[in-house]
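>>> My questions concern the predicted model and sequence given below.
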Amino acid sequence: MERPGAECYRIIVPVAYNFRAGHEANVPVTGMMSPMQLRQHVRYVKASDGARLAWAVSGSGAPLVKAANWLTHLEYEWESPVWRHWIEFFSRHSQLIRYDERGCGMSDWQGGNLSLAQWTSDLEAVIEAAQPEFPLTLLGISQGAAACIQYAVLHPERVARMILYGGYAHGALKRGNPHAAAMYHAMIELARVAWSENNPTFRQVFTSRFLPGGTPEQLEWFNDLCIKSTVGEVAARLFEARAALDIAELLPLVRVPTLVVHARDDQVVQLSEGHLLASGIAGAEFVELDSRNHILLEHEPAWRRFCDAVLSFINADATTDADLFAALSGREREVLALIADGLSNARIAECLQIGEKTVRNHTSNLFDKLGVRSRAQAIVFAREHGFRHRG
């Protein structure tokens, strides 16, 4: 469908890519941003069942949406010794969109329906409210991986790529380990009766598993997060819902580039679950980190390797894309610009004062050079890979 009033003549040029000398290829130079320069804007959106979801945006650039994971608080984690470096990293390299899941943080604590279908619907609601430019990058940490995977299966045209860290296809009660299942059931009941106790001993059952390499300050902060983020009954329900997850059948349906990263000695989600995700998703890249922490901490070498892997994955096609674009002739670039503007072949022929058959030939040639098969894919390519119009 043509866009009314579209200009006939435009030049499409690639965004420039710069790289750090002495670092891995395809890692772009980005200005470092101090915590004081970072700002977030918190807003609310109503979920499909009426629950209020708090979401926030920080940074600028290509959109990256982080699906909700266990225990977050948009304001409290902003200065957190556990999550701050995650927020700063992704905000420096993208427009980071994140939210508190239902039952937690600044979202409604009643919880409501806790299921994969509802979590995916909540992710859809936040994305719709944020109105990012598609396609976007999805980040799924721990149980957030499940919602990302289902969203990518439902909306592949909206997803450029997916990053999964510490994720799993099988919940704790679906992994065929009776001893672990019994322990998990005990933790669910403890959450119901002892979550808000003044004595933090119970909550350390959780923090010690998530952050076995944490400092006293980090462990204390995570203990406080437990009671600031939710109440015992909701925590128990979230535990139960997580434990019953089984998304193995969705993995072969994923058709977007995926990076799976997992800590070797993760105390919360075993490495085998990371292997399952990477082997079940066609073409997925797998990176194993030397860490015991379910949440990577800033001081450990595994965090630096995680950052390098993410940047390399996000920018892996930068040089290749520039080469592809350089292979186009001047006329092919003009045709691509007008295709991206929504013009038909007849309208392009009129604008460029050439025959419609010639337009079809140019279109076929540029499709071959870019490795796309349709006009829709050509438009996505132009937007996804850093090309822009100049009037």
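Alright, I've got the coordinates.
>>> What ranges does the stretch 1-150 of the chain have for its helices?
Counting by DSSP state H, counting those that start in this stretch, the stretch 1-150 of the chain has these helices, from start to end: 84-93, 116-130, 144-154.
>>> Touching the second one from outside, list them.
Meaning helix 116-130. 43, 45-49, 51, 53, 55, 57, 63, 65, 67-68, 97, 99, 101-102, 112, 136, 146-148, 150-151, 154-155, 158, 245, 247 (Cβ atoms under 8 Å, 6 or more residues apart in numbering). In short, each C-beta sits where N, CA and C put it, glycine included.
>>> relative orientation of that helix and helix 144-154 in degrees?
With axes from the mean of the first three to the mean of the last three Cα atoms, to 10 degrees applied, the angle from helix 116-130 to helix 144-154 works out at 80 degrees.
>>> Excluding chain neighbours, what is closest to Gly59?
Ser91 (3.2 Å; Cβ to Cβ, 6 or more residues apart in numbering).
>>> What about the one you found, how many residues nearby?
Neighbour count of Ser91, defined by other Cβ atoms under 10 Å: 23.
>>> Could I get the pLDDT score of it?
Ser91 is assigned a pLDDT of 95 by the prediction.
>>> Then Gly22?
As predicted, Gly22 sits at a pLDDT of 30.
>>> any weak-confidence spans in the stretch 1-150 of the chain?
Residue ranges of the stretch 1-150 of the chain with pLDDT under 70: 1-37.
>>> who's in contact with Pro257?
The contact partners of Pro257, taken as Cβ under 8 Å, 6+ apart, are Ala160, Arg161, Met162, Gly283, Glu285, Phe313.
>>> cool, and Val57?
Counting by Cβ under 8 Å, 6+ apart, Val57 makes contact with Gln40, His41, Arg43, Gln95, Leu96, Ile97, Ala130.
>>> which stretch among the helices of the stretch 1-150 of the chain comes nearest Ala235?
Of all the helices of the stretch 1-150 of the chain, it is helix 116-130 that lies closest to Ala235, at 15.8 Å by Cβ to Cβ.
>>> Okay, now stretch 102-122: how far is its last residue from its first?
8 Å (Cα to Cα, to the nearest Å).
>>> same check, this time on stretch 291-299
Chord length of stretch 291-299, first to last residue, is 11 Å (Cα to Cα).
>>> what's in contact with that stretch?
Taking Cβ under 8 Å, 6+ apart as the rule, stretch 291-299 contacts 82-86, 142, 165-166, 209-214, 218, 263-269, 289, 300, 302-303, 306.
>>> can you tell me which of the residues you listed are in strands?
In strands, defined here by DSSP state E, the members of the contacts of stretch 291-299 are Tyr165, Ala263, Leu289.
>>> nearest to Ala382, of these?
Nearest to Ala382 among the ones in strands among the contacts of stretch 291-299 is Tyr165, at 29.8 Å by Cβ to Cβ.
>>> Surely the closest one and Ile141 touch.
Yes. With contact defined as Cβ atoms under 8 Å, Tyr165 counts as touching Ile141 (5.0 Å).
>>> Settle it for me: which of those two has more neighbours?
Neighbours were counted for Tyr165 and for Ile141 using other Cβ under 10 Å; Tyr165 has more, 28 against 24.
>>> Quick check: bridge partners of the more buried one?
For Tyr165, the beta-bridge partners are Ile141, Val261 (DSSP bridges).
>>> Okay then, goodbye and thanks.
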